[in-house]
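Asker: 3D model of this:
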Amino acid sequence: PQPGQPFGGQPAPAPAPGPSGGGDFAPFWFAVPVARPLYAEDGSSSTIAELAPGTWYLAVEQRGQALVAQTQDGRRGVLQDTTGIQRG
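Answerer: Model prediction:
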């Protein structure tokens, strides 16, 4: 190794946990085609709310195929089934 280089050091890009492949996520409004459960953000299987058709919700983050959604009353949770959602 060259003097002054940290041994075993890694390049210093900022760690950005997020979707791979560019990941320029912008929040958007969406509606679900049928009632869908909204799961707790901690990854547990407990539901914190149910998203209802005909209501707009705000997607604030993407996690793989799932979306982190925010309800009108400010609760946030993970929508695991995003098939057929309508973007507003």
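Asker: secondary structure element for residue 42?
Answerer: Residue 42 is part of no helix or strand, with elements assigned from DSSP states H and E.
Asker: For burial, what's the neighbour tally of it?
Answerer: 8 (other CB atoms under 10 Å). Every C-beta, even on glycine, is put in place using the N, C-alpha and C of the backbone.
Asker: again with the one 4 residues further on
Answerer: Other residues near residue 46 number 10, with proximity taken as other CB under 10 Å.
Asker: cool, and residue 71?
Answerer: Residue 71, neighbours per other CB under 10 Å, totals 17.
Asker: list the contacts for it?
Answerer: Residues in contact with residue 71 (CB atoms under 8 Å, 6 or more residues apart in numbering) are 38, 49, 51, 57, 77.
Asker: Name the strands paired with the helix or strand containing the second one and say parallel or antiparallel.
Answerer: Spelled out, that is residue 49. Counting by DSSP H and E, the element that carries residue 49 is strand 47-51. Here strand 47-51 has these sheet partners by DSSP bridges: strand 36-39 (antiparallel).
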